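A.B. asks: sequence? don't have it. structure:
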């Protein structure tokens, strides 16, 4: 045999295929990533709880009266959360106000009844209503212009904006008109006394 053939045969015998996957390194990266995700989730949860602690001075939410009267308006939709009035990114999480959910809203002469399956229901007395308007966003939810019904109400010494979106967005204008006219009539009745 020629030396070239012997050399080529010797090189071929010494070649080994490279390892395709370093399983130990891959598993290490996956465990590290899982721990990082768990840490971020835990920090977010602790931040949410801390925000609730800071808002602990907020009084308990009122409940609907036994006989609220006949319904002026009602709608089905989504509750997107509550914020400090005028500060659409300052979410209020105390007493479950930060929990997004489905919602059934009913407006009566007594006030606004907010029924949320899977979350705490609350009631806004008519005297606590301050304003209703159409807006485009509230903490963590941005929609098209006028896509959100925002109701401003007083609770304790705080003004709160609560955001709702009807399953039929065309209803929002009627809600704004009726709530604002209700507020005007309540304030003129109070001024006449």
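C.D. replies: That came in fine, so what should we check first? All values derive from a computational prediction rather than experimental measurement.

A.B. asks: hey, let's count contacts and neighbours off CA atoms from now on
C.D. replies: Fine.

A.B. asks: right, and the helix or strand after the worst-scoring helix or strand of the chain on mean pLDDT?
C.D. replies: Least confident helix or strand of the chain, by mean pLDDT, DSSP states H and E, is helix 3-14 with a mean of 55. As assigned by DSSP states H and E, the chain's next helix or strand after helix 3-14 is helix 23-54.

A.B. asks: Please name every helix or strand in contact with the helix or strand following that next one.
C.D. replies: Where DSSP H and E defines the elements, the next helix or strand beyond helix 23-54 is strand 73-84. Using 3 or more CA pairs under 8 Å, 6 or more residues apart in numbering; DSSP states H and E, the elements in contact with strand 73-84 are strand 91-92, strand 101-107, strand 137-138, strand 158-166.

A.B. asks: chain center to strand 73-84: distance?
C.D. replies: Distance of strand 73-84 from its chain centroid, counting by CA atoms, centre = their mean, to the nearest Å, is 10 Å.

A.B. asks: What values do phi and psi take at the residue nearest to residue 96 when sequence neighbours are not counted?
C.D. replies: Spatial nearest neighbour of residue 96, chain neighbours left out: residue 120 (6.1 Å); criterion: CA to CA, 6 or more residues apart in numbering. Main-chain dihedrals, residue 120, degrees, to the nearest 10: phi -70, psi 130.

A.B. asks: Ok, the one 10 residues further on next?
C.D. replies: When quoted as degrees, to the nearest 10, the phi and psi of residue 130 stand at phi -120, psi -40.

A.B. asks: about what we covered before: around the residue nearest to residue 96, how many other residues sit close by?
C.D. replies: Residue crowding around residue 120 was assessed by other CA atoms under 10 Å; the count is 15.
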